[in-house]
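Enquirer: With the sequence up front, the predicted model follows.
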Amino acid sequence: MRRILSDNRRTDLTHENLTIVNHPLVQHKLTLMREQTTPTPVFRQLLREISMLLAYEVTRELALTSRRIETPLMEMDAPSLAGKKLALISILRAGNGLLDGVLELVPSARVGFVGLYRDEEKLRPVEYYFKVPGKLRDRLVILVDPMLATGHSAAAAVARVKEAGANNLRFMCLVAAPEGVRVMNRIHPDVQITTAALDIRLNEIGYILPGLGDAGDRMFGTM
């Protein structure tokens, strides 16, 4: 998928279905989050703020209709969101940091959760919780997780949400690795990925380089 984007977005030339949000505020906040010395409360607040900025991009193409309203001066046909409320699916636990920011922007969204942890030996996801809204086939579904590393957890979460009926999905993350993007493109070529950065690679234990460490640990102070 190739699209002409505004100056604050770009598609990566080597990866399909990938949009990188390079807005100055996004990039500045990401730099602060990458710094090892950034304390937990600041990291958490930055994650909330950056998720709102990313959400503007991932929801840019929401369908609109019009409805008749009355302003203090006259009546008019005004734009309004169309269709079912969108669904936000957090990939636990770190996804909740992005979820809070998106909900500030779209408070009417329905919310679901996919609980996955990573088998550190096989670098594969293991599911422990799944609860999502109903009628997903009629909703835009946005899955959120700060890191797209190996891509296995994200791909597994997308597969489970598709099993629940979703057919219009997007994935939003803070930082992505090329390996994870390739996995997502191979398994779910229909899912658009929106991120703030495409980093260099994964290290030998599946962490993104340069990355920002474990987003969940840094958000909850469990390092």
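Expert: Everything's here; your move. Source: prediction; values computed, not measured.

Enquirer: Show me the helices in the protein, by range?
Expert: Counting by DSSP state H, the chain has helices at residues 24-34, 40-58, 95-105, 152-163, 178-187, 215-220.

Enquirer: right, so of these, which gets closest to residue 146?
Expert: helix 215-220 (3.8 Å; Cβ to Cβ). (Glycine included, C-beta is placed from N, CA and C.)

Enquirer: any idea of the mean pLDDT for that closest one?
Expert: Mean pLDDT, computed over helix 215-220, is 86.

Enquirer: List the buried residues for that helix?
Expert: For helix 215-220, a neighbour-count test (16 or more other Cβ atoms under 10 Å) marks 215-216, 218-220 as buried.

Enquirer: Could you list the low-pLDDT ranges of the chain?
Expert: 1-15, 120, 122-123 (pLDDT under 70).

Enquirer: ok, how many other residues are close to the nearest residue to residue 99 once chain neighbours are set aside?
Expert: Distances taken as Cβ to Cβ, 6 or more residues apart in numbering place residue 90 nearest to residue 99, at 4.4 Å, with adjacent residues excluded. Per other Cβ atoms under 10 Å, the neighbour tally for residue 90 reads 24.

Enquirer: does the spatially most central residue of the chain have beta-bridge partners, and which?
Expert: The chain has residue 172 as the residue nearest its centroid, 1.7 Å off, counting by Cα atoms, centre = their mean. Beta-bridge partners recorded for residue 172 (DSSP bridges): residue 144, residue 194.
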